[in-house]
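Trainee: predicted coordinates and the sequence they were generated for:
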Amino acid sequence: MLRDRLNEELKVAIRTKDQRAICTIRLILAALKDRDICARGRGETVGEDDLLQMLQGMIKQRRDSIAMYEQGCRMDLAEQEREEMEIIQSFLPHQMDAGEIDSAVESVIGEIAAQGLKDMGRVMSTLRARYAGRMDFGRASAVAKARLA
C-alpha cells in the first residue's frame, strides 16, 4: 500500500539524512493526514486513487512553480521544485506517454459514444476512474477536447 511505502521511505530518508526527501515526504504525509481528517468528518476514507490524484496535484503545483521561478530568474528555487517533483513522482505508477494517452482517450470516446464537447465530462470521469495516477489529465483533457471539437 502506498501509505506504508511513504512511511518506509521517510524512515530511509531520515537514516540517510536526505533533507530534501525528508521534507517532501513529510509534506505528502501532512497533506494526506489533512485529507484523512476531512474525509473522516464526512464518514468517508481516503483511498489509493484519491492519494494518487493528490500526488498528481502536487506535481502540477511543482510544474507551475518551476515556470514562475524561471520567469523570475530564481533558478535555485526552480531546481528545488524539480527535486521535490522527482521525489513525488517516485511514488506514482508508470506514467502514460503521449501515444498511450491518445489511444486511451480515443478508446473511451468510442466506448461511451461521445459526440461533442457536451460529453467531455463523461469522457474525463471515465478516464479518471480507469487511469488514476498513471495519466496526466491536463494533457488528456486537451486531447479529448481536440477530438470532440
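Mentor: Now that the structure is in, tell me what you want to look at.
Trainee: show me the contacts for residue 66.
Mentor: With contacts defined as Cβ atoms under 8 Å, 6 or more residues apart in numbering, residue 66 is in contact with 78, 81-82, 85. To be clear about C-beta, it is placed using only N, CA and C from the backbone, and glycine gets the same treatment.
Trainee: okay, those in TSV with pLDDT next?
Mentor: Listed next are these as TSV, based on pLDDT from 0 to 100:
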residue	pLDDT
78	96
81	96
82	96
85	94
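Trainee: just the buried residues out of the residues you listed, in ChimeraX syntax.
Mentor: Restricted to buried positions by 16 or more other Cβ atoms under 10 Å, the ChimeraX selection for these reads:
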select :78,81,85
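Trainee: inside helices: which ones of the contacts of residue 66?
Mentor: 78, 81-82, 85 (DSSP state H).
Trainee: any idea which residue is closest to the centre of this structure?
Mentor: Nearest residue to the geometric centre of the chain (Cα atoms, centre = their mean): residue 56, 0.9 Å.
Trainee: ok, back up a step: ok, so of the contacts of residue 66, who is nearest residue 10?
Mentor: residue 85 (17.7 Å; Cβ to Cβ).
Trainee: thinking again about what came up before, which one among the contacts of residue 66 gets closest to residue 24?
Mentor: residue 85 (9.0 Å).
Trainee: for the residue lying farthest from the centre of the chain, give its distance to residue 107.
Mentor: Here the centre of the chain is the reference, and by Cα atoms, centre = their mean the most remote residue is residue 115, at 28.1 Å. Noted for residue 115: a distance of 16 Å to residue 107, by Cβ to Cβ, to the nearest Å.
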